[in-house]
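Undergrad: Quick one, what's the 3D model for this:
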Amino acid sequence: MQNKCLKLVQYINPKKDVLTCAVSLLIILILLFIPTGIPADCYPDSYRACALVTDTNDSTLYSTGIILQGEQVCTLRILSGPFKGQEIQGVNRLMGKLEFDKVFSKGDRALVVLNTQNGKIVFANIIDHYRIDIEAILFAAFVLLLLVFAGWVGAKALFSFIITVLMIWKILIPSLLKGWNPIITALAVVVLLTLIIITLVGGLNKKSFVAVLGSLSGTILTCILAMLFGRFFKIHGAVMPFSETLLYSGYPHLKITEIFIAAIFIASSGALMDLAMDISAAVYELVEKNPLITQREAIMSGFNIGRAVIGTMTTTLLLAYSGGYLALMMVFMAQGTPVANILNLKYVAAEMLHTLVGSFGLVAVAPFTAIAAGIVFTKPWCAVHLSKGGHEYNG
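TA: Residues are numbered from 1 along each chain as shown. Here you go, the predicted model:
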């Protein structure tokens, strides 16, 4: 009983958790203040504000089948910023594309960009419905649930979540826009994130060390496969949404296809970390309960744990990737498109490349992690033999 209480205290270890959270906050602050080198606001005379739609004029809108086209004139009352309280009119232009168009009703709130001159509003550009407050509520609910359920572990998971977002936004994306090698840059960011996230959540110990080894081995393998089969599949990076728009926005020098390849192993890196940590933690607990377990037994136990987890993890990747193309698959079935045509379309082939390469990395990371765990966690046979006073262990 005393040993169990001691292990529980070691697991909680408030001082260590507070130190970990303090280091995490420091990393977050550093990332927040790192300059991206990309202009944040190209229009200094423009202001973004939330506005209430008090009235709409839909007389110039016309229907062409299931879509609307034309212009919707909205009367707006500014709710925030230096022009709060003023009423203006803004034009909402519809392009005839449901994925981009928005239609406002009286009482809606909109995000508007106010173009000013000599301190007066000269034009109001309606961006979209205002959703920032709802997004903040949803994020706050997520944080609350995470902290209530997982306590300190949840706090560390939250910090790792924020660090990941900032690393992508402040490091990865600006580096890619500057023309840095996409594969090397993305791989460096994934390696750094793997080290930070696993050590943050699992602590600086052998368990985290094994999880990092297993995760990075799978990431490197996934990167190699993505580069190899990406060339064989002959898929241009323009299959990524908005990639062509990026080229026309002043970045024609970008290597879009290499960015597409980098996106493959970035997308699977989270699942690889998850699987590696699961196997590492399970084998670690097994060895803690039975310190005299042999290296071979620990590795085989890691293999068995990996087999049990892999089945659902590969399906997770399949569902995650295919969910984004559900409407496209419905179109194929509705139009009676032959399977041979479907499999050869670049959009489908790109998703197959994502899924299969990511799944390959998942399957490979399980034995890598199990072998590393068996080697790192177990004592050498001679040490076990001597600790028993030269007697064989038969328990």
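Undergrad: which residues in the stretch 101-250 of the chain form strands?
TA: 109-117, 120-129 (DSSP state E, counting those that start in this stretch).
Undergrad: For the longest one, list every residue counted as buried.
TA: So that's strand 120-129. 121, 124, 126 (16 or more other CB atoms under 10 Å). The C-beta positions use only the backbone N, C-alpha and C, and glycine is treated the same way.
Undergrad: Also compute the angle for that strand relative to strand 109-117, please.
TA: Interaxial angle of strand 120-129 relative to strand 109-117 (axes from the mean of the first three to the mean of the last three CA atoms, to 10 degrees): 150 degrees.
Undergrad: got the contact list for strand 120-129?
TA: 48, 51, 74, 76, 83, 86, 88-92, 102, 104, 108-116 (CB atoms under 8 Å, 6 or more residues apart in numbering).
Undergrad: and what of the first one?
TA: Around strand 109-117, the neighbours that count as contacts under CB under 8 Å, 6+ apart are 43, 45-53, 74, 76, 78-79, 81, 83, 88, 90, 104, 121-132.
Undergrad: just stretch 150-168 next, same as before
TA: With CB under 8 Å, 6+ apart as the test, stretch 150-168 has contacts from 12, 14, 17, 20-21, 24-25, 27-28, 31-32, 143, 146-148, 189, 192-193, 196-197, 200-201.
Undergrad: Could you do stretch 293-307 as well?
TA: So stretch 293-307 is contacted by 275, 278-279, 282-283, 286-287, 366-367, 369-371, 373-375, 377-378, 381 (CB under 8 Å, 6+ apart).
Undergrad: Next: stretch 189-204.
TA: 16, 20, 24, 27, 153, 156-157, 159-160, 163-164, 167-168, 171-172, 175, 208, 211-212, 215-216, 219, 265-266, 269, 273, 276-277, 280-281.
Undergrad: got the contact list for Leu353?
TA: Leu353 neighbours (CB under 8 Å, 6+ apart): 226, 229-230, 233, 235, 264.
Undergrad: Save those as TSV, and put in distance to Ala298 too.
TA: Formatted as TSV, these follow (distance: CB to CB, whole Å):
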residue	distance to Ala298
Ala226	32
Phe229	34
Gly230	37
Phe233	39
Ile235	41
Ile264	32
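Undergrad: Which of the contacts of strand 120-129 are buried, as a PyMOL select command?
TA: Only the buried entries of those go into this PyMOL selection, using 16+ other CB under 10 Å:
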select buried, resi 51+74+76+83+86+88+90+92+104+108+109+110+111+112+114+116
